[in-house]
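Engineer: Turn this into a structure:
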Amino acid sequence: MFSNQPLADRLRPGSLEEFAGQEHLVGPGGVLRKVIESGNVPSFILWGPPGVGKTTLARIVSARLERSFFQLSAVNSGVKEVRETIEKARSQQFFGKPNPILFIDEIHRFNKSQQDSLLGAVEQGILTLIGATTENPSFEVISPLLSRCQVYVLKPLDDETLKKLVDKALMADYYLSQHEVRVSEYEALIRISGGDARKLYNALELTVSLEAEKGVKEIVITDSLVLDHVQQNLAMYDKNGEQHFDIISAFIKSLRGSDPNGAIYWLARMVEGGEDVKFIARRMVILAAEDIGMANPNALLLAQTCFNAVNMVGWPESRIILAEAAVYLATSPKSNASYMAIERAIEEVHRKGDLPVPLHLRNAPTRLMKDLGYHKGYKYAHDFEDNFVADNYLPEEIEGTIFYEPGTNSREDEIRKQLAAQWQKIYKYRTRSK
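Structural biologist: Numbers count the residues shown, from 1 in each chain. Below is the predicted model of the structure:
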């Protein structure tokens, strides 16, 4: 039997001595360790990838200093929750009691007004703020708040630390220690973790539990065993990771399939699941260019505007902006002609290599270049009727190759007619040239 509590929570360190990794911060002589041991801890921000101990460090600091500990997640907290927590902290200011610690996970998801609501409390010493972020705080945290906080950078856990965590888990965890487990290969566990202790523990516990369910007495952890179990049971191993990719896939396919209802549903799933607002907006920018393209060039402008707006506004209001953009993109005519054009051109580059630029298309800033024929015979399009002149703009080896084929929509039907007229002129030009 295995606990419903994740292994990472069961083995969460309770002291600096138990903490694994981040020697530059909390090892002997580490800068953060010195601050903690002094007892005079300022507000600070922990910047690093997931699963490297940001939340654990905040809890250790609170326990070490015997401070009250409040925790908020920027995913589901707003100005109201921040102010309520500040009032709770203010109510504890009596008889010289040290100020509480407020830990805010994913602080980069707070918008400006939410971050502004913290300033007064931090300045007045009502609480000590510890923020955790996976994003560069220089870009994601407002300057007034950032100037009042130290920033400590956490690194992905190295291979040796990850190995030690595996060995410790097998000995120290009550449930894992009930089984006879031996690790003969660590590579798969380490690679799957990507330096993230939480992922490491998930993969380890999943592998052991599945082997135990089969009645295996002596479980030998090998790379192939770990990969088999993790790949076949991805939802158990990393449920959030699976949903992250599956739901964004469903969202994009709904937009591409011109179904605003599907798009809004999957958007709601991401909003409620705490998905990164910029990740959603970024994917819509890509879709606007890849799947709508010249069928409605305004789609890319609106998607870019959406990206800028959600960066400025933040949660929860960003959901409205995202919804408007999603409906617009879903109901726009579709064309992947531009996307296919660049793919064909890249394929041609790979096939033919670096073909020389025709002389008439080269600039001639020096006399030598002019003497060599650079720029000779170039025709300036604006000097001709309709700002178009028949000429060759490709290397001679692939002259006449067509990469862009207009899609079947009203906008590109007009482009097709325009290109047809130009191609007729080009055909006559080439015929005369020959």
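Engineer: just checking, residue 70 is part of a strand?
Structural biologist: Yes: when the secondary structure is assigned by DSSP: H, G, I helix; E, B strand; the rest coil, residue 70 falls within a strand.
Engineer: Isn't it up against residue 100?
Structural biologist: Yes: shown here, residue 70 and residue 100 form a contact pair, counting by C-beta atoms under 8 Å, at 5.9 Å. C-betas here are computed from N, CA, C, even on glycine.
Engineer: Pull up the overlap in contacts between these two.
Structural biologist: With contacts defined as C-beta atoms under 8 Å, 6 or more residues apart in numbering, the residues shared by residue 70 and residue 100 are 88, 89, 127.
Engineer: Narrow the residues you listed to just the buried residues.
Structural biologist: Buried by 16 or more other C-beta atoms under 10 Å: 89, 127, out of those.
Engineer: Pipe the shared contacts of residue 70 and residue 100 into CSV and attach pLDDT per row.
Structural biologist: Output for these, formatted as CSV (pLDDT from 0 to 100):
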residue, pLDDT
88, 82
89, 82
127, 85
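Engineer: What's the first helix or strand after the strand or helix carrying residue 8?
Structural biologist: Per DSSP states H and E, residue 8 falls inside helix 7-10. Per DSSP H and E, the first helix or strand lying C-terminal to helix 7-10 is helix 23-26.
Engineer: Can you give me the buried ones in that following helix?
Structural biologist: Neighbour-count burial for helix 23-26 [16+ other C-beta under 10 Å]: 25, 26.
Engineer: what's in contact with it?
Structural biologist: So helix 23-26 is in contact with 16, 19, 30, 31, 32, 33, 36, 57, 152, 154, 155, going by C-beta under 8 Å, 6+ apart.
Engineer: ok, now with 6 Å
Structural biologist: Here helix 23-26 makes contact (C-beta atoms under 6 Å, 6 or more residues apart in numbering) with 16, 19, 30, 32, 33, 152.
Engineer: Using PDB, write out the CA atom coordinates for the helix or strand following it.
Structural biologist: Using DSSP H and E, the helix or strand that follows helix 23-26 in sequence is helix 31-38. Presented in PDB, the C-alpha positions along helix 31-38 are these (Å, rounded to 0.1, in the frame of the first residue of the first chain):
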ATOM      1  CA  VAL A  31      24.900  33.700   1.600                       C
ATOM      2  CA  LEU A  32      21.300  32.800   2.500                       C
ATOM      3  CA  ARG A  33      22.400  30.600   5.300                       C
ATOM      4  CA  LYS A  34      24.300  33.400   6.900                       C
ATOM      5  CA  VAL A  35      21.200  35.700   6.600                       C
ATOM      6  CA  ILE A  36      19.000  33.000   8.200                       C
ATOM      7  CA  GLU A  37      21.500  32.300  11.000                       C
ATOM      8  CA  SER A  38      21.700  36.000  11.800                       C
END
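Engineer: average pLDDT across helix 31-38?
Structural biologist: Averaged across helix 31-38, pLDDT comes to 86.
Engineer: Repeat that for stretch 296-312.
Structural biologist: Across stretch 296-312, the average pLDDT comes to 91.
Engineer: So what touches the helix or strand containing residue 117?
Structural biologist: According to DSSP H and E, residue 117 maps onto helix 112-123. For helix 112-123, the surrounding residues in contact (C-beta under 6 Å, 6+ apart) are 43, 79, 82, 86, 127, 129, 142, 144, 145, 148.
Engineer: what's the spacing between residue 193 and residue 226?
Structural biologist: With distances taken as C-beta to C-beta, to the nearest Å, residue 193 is found 11 Å from residue 226.
Engineer: next one: residue 364
Structural biologist: For residue 364, the distance to residue 226 - C-beta to C-beta - is 62 Å.
Engineer: More neighbours: the two, which one.
Structural biologist: Just comparing residue 364 and residue 226: by other C-beta atoms under 10 Å the higher neighbour count belongs to residue 226, 24 against 16.
Engineer: coming back round to it: in CSV, list the contacts of helix 23-26 along with distance to residue 253 and neighbour count.
Structural biologist: Output for the contacts of helix 23-26, formatted as CSV (distance: C-beta to C-beta, whole Å; neighbours: other C-beta atoms under 10 Å):
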residue, distance to residue 253, neighbour count
16, 47, 19
19, 43, 19
30, 47, 17
32, 45, 21
33, 49, 18
152, 41, 21
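Engineer: Adding distance to residue 117 as columns, could you present those residues in a markdown table?
Structural biologist: Shown next, in a markdown table, are the contacts of helix 23-26 (distance: C-beta to C-beta, whole Å):
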| residue | distance to residue 117 |
| --- | --- |
| 16 | 31 |
| 19 | 31 |
| 30 | 32 |
| 32 | 26 |
| 33 | 31 |
| 152 | 23 |
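Engineer: And the residue lying closest to residue 363 once chain neighbours are set aside, how far from residue 155?
Structural biologist: For residue 363, ignoring the flanking residues on the chain, the nearest one in space by C-beta to C-beta, 6 or more residues apart in numbering is residue 375 at 6.2 Å. Relative to residue 155, residue 375 is positioned 53 Å away (C-beta to C-beta).
Engineer: contacts for stretch 269-288?
Structural biologist: Residues outside stretch 269-288 that contact it (C-beta under 6 Å, 6+ apart): 75, 247, 252, 255, 299-300, 303-304, 306-307, 310, 318-319, 322, 325.
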